[in-house]
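A.B. asks: Structure here, sequence nowhere to be found:
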């Protein structure tokens with residue numbers, strides 16, 4: 001059937017998901033995100049992304065709490081007004097409660113390359129490769 005019965009996620013009324021047949025029919029959610037970034041100089045910065053998630057499923061219980069936090073560093077190889085070429089390393093931390101539907105229950109490292117160029121007064125070019 002393709003279901004992973006050991007995957008984290010909310011169980012109906014706290015019951016064992018292996019013995020409790022249920023399918024969530026709809027989940028409404030809202031994320032409220034606090035993002036902060038500090039530039040140490042023209043080339044190096046660090047950032048944090050802290051989301052508060054509120055989920056409202058139809059079958060399972062509703063929960064509100066911290067979701068998975070993201071932290072990262074950026075280093076600009078080219079740091080001129082036009083263009084910028086930046087390497088980024090982002091870490092996803094499993095800080096949200098997966099059994100409540102607030103997180104993924106796994107950590108991830110994501111490298112990336114960011115590009116920005118102010119082509120003209122009316123055109124800016126931005127790209128991202130992750």
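C.D. replies: In hand now; what should we look at? Just so we're clear, the structure is a prediction, and the values are computed from it rather than from any experiment.

A.B. asks: This structure: strands as residue ranges?
C.D. replies: 27-39, 44-57, 63-66, 69-79, 84-93, 108-118, 124-129 (DSSP state E).

A.B. asks: So which of these is nearest residue 99?
C.D. replies: strand 63-66 (9.3 Å; C-beta to C-beta). For every residue, glycine as well, the C-beta is placed using N, CA and C.

A.B. asks: still on that earlier bit, which stretch among the strands of the chain comes nearest residue 101?
C.D. replies: For residue 101, the closest of those is strand 44-57, at 4.8 Å, according to C-beta to C-beta.

A.B. asks: neighbouring strands for that closest one, and are they parallel or not?
C.D. replies: strand 27-39 (antiparallel), strand 63-66 (antiparallel), strand 69-79 (antiparallel) (DSSP bridges).

A.B. asks: Tabulate those (CSV), appending mean neighbour count.
C.D. replies: Listed next are these as CSV, based on neighbours: other C-beta atoms under 10 Å:
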stretch, mean neighbour count
strand 27-39, 11
strand 63-66, 16
strand 69-79, 16
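
A.B. asks: would you list these in CSV and tack on mean pLDDT and distance to residue 46?
C.D. replies: Shown next, in CSV, are these (pLDDT from 0 to 100; distance: least, C-beta to C-beta, whole Å):
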stretch, mean pLDDT, distance to residue 46
strand 27-39, 94, 6
strand 63-66, 92, 19
strand 69-79, 95, 5
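
A.B. asks: can you list those strands in JSON lines and add distance to residue 110?
C.D. replies: Output for the strands paired with strand 44-57, formatted as JSON lines (distance: least, C-beta to C-beta, whole Å):
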{"stretch": "strand 27-39", "distance to residue 110": "16"}
{"stretch": "strand 63-66", "distance to residue 110": "20"}
{"stretch": "strand 69-79", "distance to residue 110": "8"}
